[in-house]
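> have a look; sequence and predicted model below, questions after that.
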Amino acid sequence: MTDDAPLIAILDDEPEIRRLLSNALQEAGFRTQCFARATEFEAGLRRIQPDACLIDLGLPDRDGLALVHRLARDSGAAIIIISGRAQVQDRVTGLELGADDYIIKPFEPAEVVARIRARLRKPVRDNGTGRQLIRFAGWAVDFDRYSLTSPEGVETPISHAEAEVLRMFLDNPRRLISRTQMLETLGGAAGESFDRAMDVRISRLRTKLGEDPKSPRLIKTIYGAGYIFLAEPA
């Protein structure tokens with residue numbers, strides 16, 4: 001394991017779960033930092049910048065979903081919920097609030113490792129300086145800093161989930177992207193929860209891009225088929 005290996009923050013109040021996840025991730029080449037309480041986790045985020053966070057919803061000192069929502073808004077880390085709540089509505093709510101993935105307990109550690117690897121894949125394209133900075137239609141997105149800059153120079157943070165969707169559009173400009181292609185590109189489980197999560201992320205992206213929902217200029221909905229991104233990346 002190297003010092004530049006991706007750092008995974010684990011928040012779970014069960015010591016055995018923390019140990020199991022930490023051992024599996026370290027064996028796979030990741031660095032880990034474990035927390036038993038949300039307050040410890042939030043304090044830790046002032047010292048570290050994890051690449052991904054594994055969040056249990058059943059926390060003794062904080063509502064897990066509220067924490068996921070704040071992380072999605074303020075952090076560029078990938079967010080994966082690990083929970084014993086198996087109801088479809090729980091999964092839908094978690095994804096709608098900004099989580100990138102939802103894993104139900106009990107789980108196989110190898111599956112968690114695979115999901116994290118899938119979420120941390122980086123695009124090969126950059127601007128020649130090593131930074132993942134791409135311009136389109138007067139906008140600029142920095143995938144290293146998880147920021148979106150408007151033609152007027154106003155910078156807005158984007159979540160990891162929003163960045164994944166925008167990256168997918170930029171890699172496929174002016175081409176129809178179906179729900180099936182989204183599932184293949186972004187990963188996840190097919191069904192209502194995935195579809196609703198995609199709708200929420202695209203809606204948030206449109207808002208941050210200043211889109212008129214009745215007449216979007218950049219992300220066009222083809223009803224019953226998918227979406228088309230109308231700008232060419234520079």
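Done, it's in.
> tell me the pLDDT at residue 125?
Looking at residue 125, its pLDDT stands at 42.
> cool, and residue 189?
59.
> please determine how far the residue most central in space within the chain is located from residue 206.
In the chain, the residue lying closest to the centroid (Cα atoms, centre = their mean) is residue 161, at 3.0 Å. Residue 161 is 14 Å from residue 206, where distance means Cβ to Cβ, to the nearest Å. To be clear about C-beta, it is placed using only N, CA and C from the backbone, and glycine gets the same treatment.
> before we move on, what about residue 68?
For residue 68, the distance to residue 206 - Cβ to Cβ - is 22 Å.
> please say which of those two ends up with more neighbours.
Under the criterion of other Cβ atoms under 10 Å, the comparison of residue 68 against residue 206 puts residue 68 first, with 24 against 17.
> right, and the more buried one touches residue 101 too?
No. Contact criterion Cβ atoms under 8 Å: residue 68 and residue 101 do not qualify, at 11.3 Å.
> so what sits against both of these two?
79, 81 (Cβ atoms under 8 Å, 6 or more residues apart in numbering).
> picking that back up, I figured the residue nearest to the centre of the chain was touching residue 99, is that so?
Yes. Counting by Cβ under 8 Å, residue 161 does reach residue 99; the two are 7.4 Å apart.
> overlap in contacts of the two?
With Cβ under 8 Å, 6+ apart as the test, residue 161 and residue 99 both reach 72, 79.
> what about dumping the CA coordinates of stretch 83-91 to PDB?
C-alpha atoms of stretch 83-91 as PDB (Å, rounded to 0.1, in the frame of the first residue of the first chain):
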ATOM      1  CA  SER A  83     -27.200  -0.600   5.800                       C
ATOM      2  CA  GLY A  84     -29.400  -3.300   7.200                       C
ATOM      3  CA  ARG A  85     -32.400  -1.400   5.800                       C
ATOM      4  CA  ALA A  86     -33.500  -3.500   2.800                       C
ATOM      5  CA  GLN A  87     -36.700  -1.800   1.800                       C
ATOM      6  CA  VAL A  88     -36.800  -0.300  -1.700                       C
ATOM      7  CA  GLN A  89     -37.900   3.000  -0.300                       C
ATOM      8  CA  ASP A  90     -34.800   3.200   1.900                       C
ATOM      9  CA  ARG A  91     -32.600   2.600  -1.100                       C
END
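> quick one: it to chain centroid distance?
Centroid separation for stretch 83-91 versus its chain: 18 Å, with Cα atoms, centre = their mean, to the nearest Å.
> quick check: mean pLDDT across it?
Stretch 83-91 shows a mean pLDDT of 84.
> could you list the buried residues of that stretch?
83, 85, 90, 91 (16 or more other Cβ atoms under 10 Å).
> same thing with stretch 14-23?
For stretch 14-23, by 16+ other Cβ under 10 Å, it's 17, 18, 20, 21, 22.
> now swap in stretch 106-123 and tell me
Of the residues in stretch 106-123, those buried (16+ other Cβ under 10 Å) are 112, 113, 115, 116, 119.
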